[in-house]
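Participant: Everything below, folded, please.
(3 chains)
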Amino acid sequence: MKVKAVAKGDAVSVKMLIKHPMEMGRRKDAEGNLIPAHYITEVTVKYNGEIVFHSELGPGVSMDPYLAFTFDGAKAGESISLSWMDNKGQSERVDAIIGGT
Amino acid sequence: MKKLIPWYCLLILLLSGPTLYAAPSAEQLILKAEEARKGAADLGFEWRDTATLIAEAREALEKGHEKQAAMLAGEALRQGELAVGQGTFMHNHWQEFIPVH
Amino acid sequence: MKKISQSRMFLLLLPITMLWSCQTKDYSALVNKDIEEFRAYFTERFPEVELDDFADGVYAIDDNAREQWLAMEDFPPYSIAVEEGQALFENSFSNGKTYTDCFPEGGAVRHNYPYFDEQRNMVVTLEMAINECRSANGEPPLEYKKGDIAKISSYMAYISRGKPVEVKVSSQGAYEAYLKGKEFFYAKRGQLNMSCAGCHMRYSGRRLRSEVISPALGHPVHFPVFRLKWGEIGTLQRRYAGCNRNIGAKPLAIQGEEYRNLEFFQTVMSNGMHFNGPASRK
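Facilitator: All right, here's what the predicted structure looks like:
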């Protein structure tokens, strides 16, 4: 998961690129078997213990989802915590420092 | 006295027309279509669907659908012929299609 | 022994020198004339676009698309492919060697391709060179359209950004390959009877269904490309195959002679520009 968080004045702009197959579970492989579903179900971003972003994704989202949002109340140098969970129970958590001025 | 052609000979001749000149069979069309497709391929100008049409014609013939097979093979043959004409013409005249400003 | 007079000597040597000068045709001059005309077509059609900006394709000529693309460039979708490409590039083969044994400058040699190999009398592309490096080191070749080869190519393209496009056409063999590529570009083909030039020259800037068609000037310069439609990184010749299929022509062999000659011609037409791959496109 790649994260870029930049403070611009009062707002912090956060961009994330999550490497994930986002397999919807309806495609078939060369032999005709269904490729099992494997997709991110939710993405959460926390700042100071508070949820500043929560998204429920699903099989309709393409591979390697890119998400971007802005929130206020944070400053450069502070940290945010980003995490995602998928339908197979796998997850990843990344802490990022807000850049900018 | 000159012997005229007896009427029954004429009748036989007229009625045998359809068997003397027979429309090409599905099998013959498939062979011709494959030849034409190969000719186009040798020029590098084979069309996208020609091989599929020939395969479908073969399938139809195996199932006993003669008319369907002939129709598909006929279309494949036409595609092959047009592609060969296109390739030959373009090889000699492509310079005339360079856009001028 | 009779001395040959000066005038006799001149008459003797004249046909030989004439024959000799006929052999060494200035292929570069012929090609440069083509480049000038090709470039002029687009600079006239899109007068506000600078030469190097044509490498941005449709984003150089459509403001709305450009805005969206710039926002994406902040965090480009091809960045994952470049990272994976770097890992693949630095990973050694089973015999202990790496790609750096085939490619100098740590792989920043995108600008050396495609080139005309005089010994083998053929055009060599970057993807072909990558697979030749693998074969030379006992590794199986990679599939040409996408996957690992596109990732390695995208890493090499990324570290070669800004390098100039200066493809040389200085021999008869190279010129013939160039002409074959040129013929391919302008000839109409497929069931829809369309040519590369028909869309990417005469129809550039206009719409094909909902999309604006990009100008051909600078086309190969930004490849490999993360095409949103593919959802992954892919090579230039993958796009050739797709385009041919779109116009009802059967795609030719990837990295076969025709597509390599076409890539050669297209890159020559972009001489004077600078490589800026990999890129993201719709």
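
Participant: Tell me who's in contact with the closest residue to residue B:61 other than its chain neighbours.
Facilitator: Spatial nearest neighbour of residue B:61, chain neighbours left out: residue B:69 (3.9 Å); criterion: CB to CB, 6 or more residues apart in numbering or on different chains. C-beta here means a position set from N, CA and C on the backbone, and glycine is covered the same way. Residue B:69 is in contact with B:26, B:29-30, B:57-58, B:60-61, counting by CB atoms under 8 Å, 6 or more residues apart in numbering or on different chains.

Participant: pLDDT score for the residue most central in space within chain B?
Facilitator: Closest residue to the average C-alpha location of chain B: residue B:77 at 4.2 Å, with CA atoms, centre = their mean. Residue B:77 carries a pLDDT score of 98 in this model.

Participant: so it makes contact with residue B:36?
Facilitator: Yes - using CB atoms under 8 Å, residue B:77 is in contact with residue B:36, at 5.5 Å.

Participant: So which bits of the stretch 101-250 of chain C are right by chain B?
Facilitator: C:183, C:186-191, C:193, C:195, C:197-198, C:201-202, C:244-245, C:248-250 (CB under 8 Å from any CB of the partner chain).

Participant: Regarding chain B, what is its longest helix?
Facilitator: Secondary structure of chain B per DSSP state H: the longest helix is helix B:66-93.

Participant: Give me the buried positions along that one.
Facilitator: Buried residues in helix B:66-93, counted by 16 or more other CB atoms under 10 Å in any protein chain shown: B:68-77, B:79-84, B:86-87, B:90.

Participant: returning to that earlier point: can you name the residues that contact the residue nearest to the centre of chain B?
Facilitator: By CB under 8 Å, 6+ apart, the residues touching residue B:77 are B:29, B:32-33, B:36.

Participant: quick one: it and residue B:62, what's the gap?
Facilitator: Distance, residue B:77 to residue B:62, using CB to CB, to the nearest Å: 19 Å.

Participant: ok, now which ones touch the spatially most central residue of chain A?
Facilitator: Nearest to the mean C-alpha position of chain A, by CA atoms, centre = their mean, lies residue A:43 at 4.8 Å. By CB under 8 Å, 6+ apart, residue A:43 lies in contact with A:16, A:18, A:53-55, A:57, A:67, A:82-84.

Participant: For the residues you listed, work out which two are farthest apart.
Facilitator: For the contacts of residue A:43, the maximum inter-member distance is 14.6 Å, found between A:18 and A:54 (CB to CB).

Participant: Surely residue A:16 is within a helix?
Facilitator: No - counting by DSSP: H, G, I helix; E, B strand; the rest coil, residue A:16 falls outside a helix, being strand.

Participant: There's contact between it and residue A:82 in this structure, I believe.
Facilitator: Yes - using CB under 8 Å, residue A:16 makes contact with residue A:82 at a distance of 6.1 Å.

Participant: Overlap of the contact sets of these two?
Facilitator: Counting by CB under 8 Å, 6+ apart, the residues touching both residue A:16 and residue A:82 are A:1, A:3, A:43.
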